[in-house]
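J.: predicted structure and sequence below. I'll ask about it afterward.
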Amino acid sequence: MNESAFLTRLIALIRKETRQMLRDRSNLLVGLLLPVGLILLFGYGLSFDVKDAPVAVVMESNSAAAREAVSGLEGSRYLLPVRTTSMRDAEKMLRSGRVDAIVRVPIDFAQAQARGDPRIQLILNGIDSTTASSLEAYVNGALGTVALRRMDRGTGAPASTGTVDIQQRIWFNEAGISTWYLVPGLVVLIMTLVGAFLTSLLIAREWERGTLEALFVTPVRPLELVLAKLVPYLVIGLIELTICVVAARVLFEVPIRGSLVAILLTSTAYLIVSLLLGLFISGATRNQFAASQMALLTSFMPAMMLSGFVFDLRNVPLVVEIIGQVVPATHFMGVIKTLFLAGTNWAMVAKSCAIMLGYALLLLFLTWRTVRKTLD
Amino acid sequence: MTEARSSVVIEELCKRFDGPDGEPFAAVNGISLTIEPGTLTAFVGPDGAGKTTLMRMMAGLLQPDSGSLHVLGIDLNEDPQAVQNRISYMPQRFGLYEDLSVQENLDLYADLHGVPQDVRQERFARLLHMTDLARFTDRPAGKLSGGMKQKLGLACTLVRVPDLLLLDEPSVGVDPLSRRDLWEIIEQLIEDEGLSVIVSTTYMDEAGRCDHVFVLNRGTLLAEGTPDALRRRAHGLTYMVTPRDGVPARDLQARLIDAPDLVVDAVPAGGQVHFIRQPESDETRLKDLLSDCEPQRREEELEDAFMLLLHQHDAPDEDATTPPPLASQDVAGPAAEHGDGPVIFVRDLVRRFGDFTAVANTSFDVQRGEIFGLLGPNGAGKTTTFRMLCGLLPASSGELQVAGVNLRTARSAARARIGYVAQKFALYSNLSVYENLDFFGGAYGLRGSKRRKRVDEIIQQFDLDPSAQSGNLPLGYKQRLAMAAGLLHEPEILFLDEPTSGIDPLARRAFWRTITALSQAGVTVVVTTHFMEEAEYCDRIAIQDAGRLLAIGTPRQVREESGLDGGHMNEAFIAIVEKARAEEGQAREAA
C-alpha cells in the first residue's frame, strides 16, 4: 500500500468526520453535556453517606445509667435522636419511615448494668440495607463513646472485659465518603457513554443515508474508514476525561494519589475499546436507532451494574460474575479507583492496558469486517 | 485477448436475493454481454429489471452467485479494489454528506482518489462551471435542490477522469431541466475526454442518445443493439389516431388498451393517441375498434420497440407483478350528488415558511370530474400546494375551497369528502389487505355491516387478494391498494401525490387506466407527477416553478403557450420554465 496515499485518504476522512461531528449540534451536545450532567447527578445526587438520620430512642427506663448510656447519640453529626417512651410509638415511626432505626433501652437497664451485662436493643430498617449498615456502625460508635468516657473517669470496669478491642481504620478512603469511590467510577461511565453511545450512530448513519455506496467505489480501504471515525471522538473522550478529573478534584475534593500519566494511559486504552465497541455495534446493526439502543444495553448498563461501580462483583452468582468479567469496564474500574485513591500500581496499569489492547484488536477486526466493501 | 480490449465482459452472471416473502428470486438471471471501450452504453429496463444489481456487481459491491465478470480486464472476484481504483461509480442515491459544503464534498472525493493539488483546481473550476454550482460552493449539500444534489454527485464521481464511469439511473427523480443539464455534462465529458460510460435508465429518450443499448427485464437480457436497430423492431406496427371532437384522448386510449389481443400499447400524446398494433392482429377487427376515427401510420420510436419487447417478454406468464387494468364499469362513482361550479376553488393562495415563500399567489379552479395535473420540478411548490388542498397544511393567506367547503374554516368537513394517496406507501405493511382496508374504513367512520360491505366491494372492484400481506405486494398492487383505501369513503375528489414514481411502464399504464375509469365514473382527480408524458392523460394541467404558477390549461394550450406545438410535453415544460426564469432574471437585473 502506498503510504502517502493512505495518509492523504485518512486525513481527508478524519477531516470529514470532524466536520460532521462539529456540525451535528444535537449529538455534540449529548456528547458534552450528558457527561457533565452525570457528574453533577452522581457526584451530588448519589451518596451512600448517612447524615442526620432520625433514630427513635425508646427510654423504657429513666434511670441515670440509662440516660448516660444513650447520651452519646446526642453529639453525633450522623444521627438525630427522637425520644419516646413507648416502643409502640417507635415502631409506628419506623414503619412510616419517620425514623430509620430504634434504640431501645430496656426497663431493667440499670440493674443489668450493675450485674455487668447491660443490653441495648438496636432495630434497623432493612428496606435500605446500605443505610442500615451505615447506621449500625454509627450507633455502635456513638454508644461506644460513653463507655470510653466512663473508663476515663475510672468509674467502672472497661466496658468489654475479655473481648477483643477492634481498632478500626479504613485505608485510602479514611472517612468512608462514597463520593470518593463513586466519582472515579464515573470516569468509567462517562468514557463508556461518550465512546460507545456517540460512535454507535456513525457507521449506521452512513448506511442509512447511502453515503457508503459511493465511498466504497474509491481507493479508500475499510481500515481507513474505521480509524477516521475513531480519531475525532477520541479527542472528545479525552476532553471528557479532563472534565472528570478536574471535577473530581475541584468539586468533590477526591484525592488523586496516582500518577496522572497512568490515569491518562489507562483511560485512553479503555476509551479506544469503548469507541470501537460503539463502531462495531453501528456497523453490525446498520440502523441508528437499533445501534444506540444496543450500545446503551451492552456497554453503559453493564458498566454501571456489573463492573463493580457500586456493587462488589464477588458477591454475585457465578454466571453474573463471568459476564461481569467479560465487560471491559470491569477491568478499568478497579484500576481507575486505585489510581485515584490509593496511588500508582504500575503492574495493575499494565495488566489493564494489556486487556484493553486485546479487546481493541478484537473489536477493530470485527468492525473492519462490517465495512468490508460489499452491499451483500 | 478480447478481455483486455473490452471494458466489461460478463458471462452467465447470476445474483439471487431473498424476496420480501422469503422466497429467493433472481435479480440477475444468466446475463452475458460485452461492452466496448470508448462507448456510451445504456442499460434500459423497468424497475426490478436488474439494472442496479448489475451495476453494483460491476462496481465490486455485490458478489455474483455464479458466472464471471471482468471489468477493465480485471476479474472482479479476485481483485475488486483494483477495479474500484480505476472506475467511478455514481449510485442511484448518491450519498452526499449533507452537513458538508459543496466544496468539502468535492475535496473529500478528490483526496480519496488522490487527485494532485495542481490538477485539482482546474478540474474543480471546470466541474463547478458545468454543473452551475460555482455560486454555491459554501452551501451545505443538504440545502441544495434535488437536481443540484444530483449534479454535485456527478461532479464528485468525476473529480478525476476514470477509465470507466458507471451511472446508475442518474436522472431518477430529477426534474426535466436538471435531467437535460446532467446529460449535457455527460456528453461534454465523453467528447472532451473520451470517457467510457455505462448508464442505466428508465427513460427511452436517454437510451436513444447512447451508442449501444441493452434492454433488460426481470433479470434477463431481452435485446441489444444500437438505438436505431432496436427501434426498427417496431417498424410497421406504429400508428396514431385522433379522437373525435369532445372525446378526451384518454378515453380512446382506454378503449385501445382494453383490447390487448389487437393493441400492444397505447398512450395519449398531444391530443392524439399513439398506439402499437399486435404484429399478428386481425386488420378488420382493429378497424371495427376504431370505426369512428382514422388511424394513421407514424414513425416508430425507441419507446415503441421497448414496449413491444416488454409485452412479448411478460406475455407468457400473466404474473402478479403487473395488475391488469380495471374496466370503467367496475369502478363506483362518488356518493355525493353532482352540483355545478368548480369543485376546487383557489384564489391568491400563499404559503410561507419563515422568509421562504413556497407557494406564491396561486389561483386556479378544478371542475367536477376533471383530471387535473400539477407539474413542476422538485421544490416547485407542488407538494406544498397539494398539502394545502388536502387540508394537511394551513395556508398563509388566500382563499381555498374544496368540495364546496372552505378549508380555512372547516378543515375536517372538507377532509371527509376527499381521498388522499400519499407518495410513500402509507399503509401497514404487516397487516393483510383486508385488515388494512378494514382499519381505514373505520378511520373514515364506516361502521359495522356497512364497513364490511364497502370493504368487500372495493376489494372486488380493485381485484385485490384480501388475505395477502400488504408489505409483500408488488409495487403496482401496493399502489392499487393505497388507492382503494383512499376511495373507501367514496370521496368526491381523489388526491394522488406522485403515484407513478418507481413503478414500471406496464403498471403505469394499468394505473392510468384505473384513473380514466374513475374519472368516467365522475370522481375528480388531482395528481402530481414528474413524468411529463403523463400530463397527456389530464384534462388540464398547471406548471409550477419556484412557488409560482407559470402556465395552466389543457395540455394542448400549455404546449401552444410554450411555442412548441406538437413537441413532447417534456420540451414544452422546459421551454416554459426557462422562459419564466429568464424573465425573472431580467426583472432582477432591471431592479
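T.: Sure, I can see it.
J.: so what does the closest residue to chain B within the stretch 1-150 of chain A look like in phi/psi?
T.: Nearest to chain B, among the residues of the stretch 1-150 of chain A, is A:Ala12, at 3.2 Å (Cβ to the nearest Cβ). For every residue, glycine as well, the C-beta is placed using N, CA and C. Backbone torsions of A:Ala12, given as degrees, to the nearest 10, read phi -60, psi -40.
J.: go ahead and confirm B:Thr238 touches B:Gln296.
T.: No: contact criterion Cβ atoms under 8 Å: B:Thr238 and B:Gln296 do not qualify, at 10.1 Å.
J.: so between those two, which is more surrounded?
T.: Between B:Thr238 and B:Gln296, counted using other Cβ atoms under 10 Å in any protein chain shown, B:Thr238 has the larger neighbour count: 22 against 10.
J.: what sits closest to residue 226 if chain neighbours are left out?
T.: Looking at chain A here, since you left the chain open. A:Thr367 (5.2 Å; Cβ to Cβ, 6 or more residues apart in numbering or on different chains).
J.: not quite, go with chain B.
T.: B:His212 (6.2 Å).
J.: for burial, what's the neighbour tally of that neighbour?
T.: 20.
J.: ok, now how distant is it from B:Leu182?
T.: Using Cβ to Cβ, to the nearest Å, B:His212 is found at 20 Å from B:Leu182.
J.: check B:Asp163 too.
T.: For B:Asp163, the distance to B:Leu182 (Cβ to Cβ) stands at 21 Å.
J.: show me the domain layout of chain B.
T.: B:2-225, B:231-314, B:343-417+B:495-591, B:424-490 (automatic domain parsing).
J.: how long is the third one end to end?
T.: In domain B:343-417+B:495-591, first residue to last residue: 40 Å (Cα to Cα, to the nearest Å).
J.: which of the three states applies to the residue of the stretch 351-500 of chain B found nearest chain A?
T.: At 15.9 Å from chain A, B:Lys424 is the closest residue in the stretch 351-500 of chain B, using Cβ to the nearest Cβ. Secondary structure state of B:Lys424, per DSSP: H, G, I helix; E, B strand; the rest coil, is coil.
J.: tell me the spacing between it and B:Gln544.
T.: 21 Å.
J.: comparing these two, which residue is more hemmed in?
T.: Between B:Lys424 and B:Gln544, counted using other Cβ under 10 Å, B:Gln544 has the larger neighbour count: 25 against 10.
J.: right, and that one touches B:Thr383 too?
T.: No: using Cβ under 8 Å, B:Gln544 is not in contact with B:Thr383, being 10.2 Å away.
J.: on that earlier part again, mean pLDDT and distance to A:Gly343 added to the domains of chain B, as CSV?
T.: Shown next, in CSV, are the domains of chain B (pLDDT from 0 to 100; distance: least, Cβ to Cβ, whole Å):
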stretch, mean pLDDT, distance to A:Gly343
domain B:2-225, 90, 46
domain B:231-314, 88, 79
domain B:343-417+B:495-591, 86, 59
domain B:424-490, 88, 60
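J.: between these, which gets nearest to A:Leu227?
T.: domain B:2-225 (14.0 Å; Cβ to Cβ).
J.: distance from the chain centre to the closest one, please.
T.: Relative to its chain's centre, domain B:2-225 lies at 19 Å (Cα atoms, centre = their mean, to the nearest Å).
J.: now B:Ile35: how far from B:Pro80?
T.: From B:Ile35 to B:Pro80 the distance is 18 Å (Cβ to Cβ).
J.: do you know how far A:Ala347 is from chain B?
T.: 44 Å (Cβ to the nearest Cβ, to the nearest Å).
J.: mind checking pLDDT for that residue?
T.: Per-residue pLDDT puts A:Ala347 at 92.
J.: ok, so what distance separates it from A:Leu28?
T.: With Cβ to Cβ as the criterion, A:Ala347 and A:Leu28 are 38 Å apart.
J.: cool, and B:Leu427?
T.: Taking Cβ to Cβ, one finds B:Leu427 at 38 Å from A:Leu28.
J.: of those two, who's got more company?
T.: Set side by side, B:Leu427 and A:Leu28 show more neighbours around B:Leu427, with 21 against 14, by other Cβ under 10 Å.
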